[in-house]
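Asker: let's see this in three dimensions:
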Amino acid sequence: MLRVAHGATARSRRIRRQKRRGQGASTEWSGGGTALVEWYELARLNAVPGRHPKLAGGPPDLDRVRDAVALFGDVWIGSVRHAMPLLAADDVTYLVDLAEDLSDVAADRDASAFCFALRALAAGFARIEGNVMRVAVIDILGPQIGRIAQHTRDARDWDDSRRCADAIGDAVRERDETLTCAAIVTLVDDVLPRVIDHAD
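Answerer: Numbers count the residues shown, from 1 in each chain. Presented below is the predicted three-dimensional model:
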């Protein structure tokens, strides 16, 4: 079982390296893209408690959570890039409201509500895009991120999470894809990994 888990982790890292180099770009973010299907399978593998006992109870497998956060961010940003050109006025209001919810729960330092709000905001973009596969990946990865959010003790982590949520809302209000993605990258590449490091 552990060999399968480590293999899945290695594949996840390989896909992310390919993404950075631009390999496979023609299929990566399409609705039925092969890489997205493969990522769905990786997310499903990493999230089934029966396959990986460390996820069923006790301390989380932090390397697996790091992979989950990275994959969550990549899928979320893919949805942003596809959804932003489609935004109607009510979509903007909807997403800004979700970003404000995320900011509010970060201000309250409510870990379980933060996880729910984070998943809702990411899935909101995927639903506007109309990509059910991305919604499924986000829903699968959310619980792992939620487990690590419970370890958020540092006030700076909560404050930075709130600032990222505010930045996402402001960027969506301006329909600025670049700033929206930049705020998400800060959250998933800097803030959440720091929370994981604190739990290590």
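
Asker: only C-alpha atoms from now on, for both contacts and neighbour counts.
Answerer: Noted.

Asker: residue ranges with poor pLDDT in the protein?
Answerer: Counting by pLDDT under 70, the chain shows low-confidence ranges at 1-60, 148-154, 199-200.

Asker: where along it do the strands fall?
Answerer: Along the chain, counting by DSSP state E, no stretch forms strands.

Asker: state which helix of this structure is the longest.
Answerer: Longest helix in the chain, counting residues (DSSP state H): helix 62-83.

Asker: what's it packed up against?
Answerer: Counting contacts by 3 or more Cα pairs under 8 Å, 6 or more residues apart in numbering; DSSP states H and E, helix 62-83 packs against helix 2-21, helix 34-47, helix 111-129, helix 132-149, helix 177-185, helix 192-199.

Asker: how about it: buried residues?
Answerer: Buried residues in helix 62-83, counting neighbours by 16 or more other Cα atoms under 10 Å, are found at 62, 64-83.

Asker: and the angle from that helix to helix 192-199?
Answerer: 170 degrees (axes from the mean of the first three to the mean of the last three Cα atoms, to 10 degrees).

Asker: between helix 62-83 and helix 177-185, how many degrees?
Answerer: Using the same axes, to 10 degrees: helix 62-83 against helix 177-185 is 170 degrees.

Asker: which outside residues touch stretch 88-102?
Answerer: The contact list for stretch 88-102, computed with Cα atoms under 8 Å, 6 or more residues apart in numbering, reads 114, 117-118, 120-121, 124-125, 128, 162, 165-166, 168-170, 172-173, 175.

Asker: burial check on Val135, number of neighbours?
Answerer: By other Cα atoms under 10 Å, 23 other residues sit near Val135.

Asker: quick check: closest non-adjacent residue to it.
Answerer: Ala123 (5.3 Å; Cα to Cα, 6 or more residues apart in numbering).
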